[in-house]
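Q: Build me a model:
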Amino acid sequence: MIFFNAFLVAGTFCLLAEVLMDNTKLTPGHITSIFVVLGAFLSFLGLYEPLIRFGGAGATLIIANFGHMLYQGAIIGFHEIGVLGLAGGLLSKSSLALVSAVVFAFLFTLFFKPKN
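A: Okay, the predicted model is just below:
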């Protein structure tokens, strides 16, 4: 059941992205940004944590989780430091994702060449 729930959550997000790509003139970059904001908004409403409990990895491996992490980090920073902690909190919670993206992008550029 765990795998089915993960597939259901991630599949729903993928379905939404495909519908947006097929029926609008939005680019993949726009859709990615929309999903990051959607994740932060769902986190603001308190709906993303129950989604993670229900969908597990299906909710934590998608780009909307990055928005959730950014929002949660900003809230933690705000509670610890105040208004100035908002920016620092953004980076503290999501730093692993950012560093991983940079490191893996660098490693892939060492081994693969882009097509012309």
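
Q: In terms of secondary structure, what does the lengthiest helix in the chain contact?
A: Ranked by residue count and defined by DSSP state H, the top helix of the chain is helix 85-111. Judged by 3 or more CB pairs under 8 Å, 6 or more residues apart in numbering; DSSP states H and E, helix 85-111 is in contact with helix 64-80. Heads up, the C-betas are built off the backbone N, CA and C, glycines and all.

Q: Not counting its own residues, what contacts the helix it packs on?
A: For helix 64-80, the surrounding residues in contact (CB atoms under 8 Å, 6 or more residues apart in numbering) are 13, 35-44, 48, 52, 59, 85-94, 97.

Q: Give the rounded mean pLDDT of it.
A: Averaged across helix 64-80, pLDDT comes to 90.

Q: and what of stretch 28-39?
A: Per-residue scores along stretch 28-39 average to 94.

Q: Over to stretch 106-116?
A: pLDDT averaged over stretch 106-116 gives 84.

Q: Just checking the distance from it to the centre of its chain.
A: 24 Å (CA atoms, centre = their mean, to the nearest Å).

Q: hang on, the earlier thing: and the angle from the longest helix of the chain to helix 64-80?
A: Put simply, helix 85-111 runs at 140 degrees to helix 64-80, going by axes from the mean of the first three to the mean of the last three CA atoms, to 10 degrees.

Q: Could you give the separation of helix 85-111 from the chain centroid?
A: So, by CA atoms, centre = their mean, the centroid of helix 85-111 is 12 Å from its chain's centroid.

Q: do stretch 43-55 as well
A: Counting by CA atoms, centre = their mean, stretch 43-55 comes out at 13 Å from the chain centroid.

Q: what does that stretch contact?
A: Taking CB under 8 Å, 6+ apart as the rule, stretch 43-55 contacts 5-6, 8-10, 39, 42, 59-60, 64-65, 67-68, 71-72.

Q: Recalculate using a threshold of 7 Å.
A: 5-6, 8-9, 39, 42, 59-60, 67-68, 71-72 (CB atoms under 7 Å, 6 or more residues apart in numbering).

Q: Compare these and tell me which has the most neighbours.
A: Counting neighbours by other CB atoms under 10 Å, the top entry in the contacts of stretch 43-55 is H68, with 27 neighbours.
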